[in-house]
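Colleague: what would the 3D arrangement of this be:
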Amino acid sequence: MIPLPPSTRIFLACGATDMRKGFDGLAVMTQQVLEQSPHSGALFAFRGERGDLVKLLWYDGQGMCLFSKRMDRGRFVWPSTKTGSVVMTAAQLSMLLEGIDWRRPERTFTPSLAG
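Modeller: Here you go, the predicted model:
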């Protein structure tokens, strides 16, 4: 996981993004579609049409960083809405990048007794 400062805001771009876009294309999309500044220090996540590729755009104070992850099997869980953005926590981003449904995480074990 990327070591983000605790105050970092994370935006997930709803809908599919053309994954041929690089730094400049995603920065313009951040400004025009998400109506956010790509140099604000926030992290912006974009997913491709097939759902197996995610790109993260982040300004770390010195320059733009572009990270990508492609799933070998499965798809990244993404909101069904086609426009706008979703604000998420670092924990939700971590689950998303692991292929876990971050919208409804379920615990596998519930203790019946304390101690």
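Colleague: C-alpha from now on. contacts and neighbour counts both.
Modeller: OK.
Colleague: quick check: beta-bridge partners of the residue nearest to G41 when sequence neighbours are not counted?
Modeller: Closest residue to G41 apart from its sequence neighbours, by Cα to Cα, 6 or more residues apart in numbering: Y59 at 5.1 Å. Here Y59 shows beta-bridge partners M64, assigned using DSSP bridges.
Colleague: Y59: neighbouring residues, count only.
Modeller: Neighbour count for Y59, taken as other Cα atoms under 10 Å: 17.
Colleague: make sure it is actually in contact with F44.
Modeller: No. With contact defined as Cα atoms under 8 Å, Y59 does not count as touching F44 (9.6 Å).
Colleague: strands along the protein, start to end?
Modeller: For the chain, the strands defined by DSSP state E cover 10-13, 43-47, 53-59, 64-70, 85-88.
Colleague: output those strands as TSV; include the columns distance to W78 and mean pLDDT.
Modeller: Shown next, in TSV, are the strands of the chain (distance: least, Cα to Cα, whole Å; pLDDT from 0 to 100):
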stretch	distance to W78	mean pLDDT
strand 10-13	8	94
strand 43-47	8	95
strand 53-59	10	95
strand 64-70	14	95
strand 85-88	10	89
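Colleague: who's in contact with the lengthiest helix in the chain?
Modeller: In the chain, taking DSSP state H as the definition, the longest helix is helix 23-32. Applying Cα atoms under 8 Å, 6 or more residues apart in numbering, the contact partners of helix 23-32 are Q36, S37, P38, F44, L57, M64, C65, L66.
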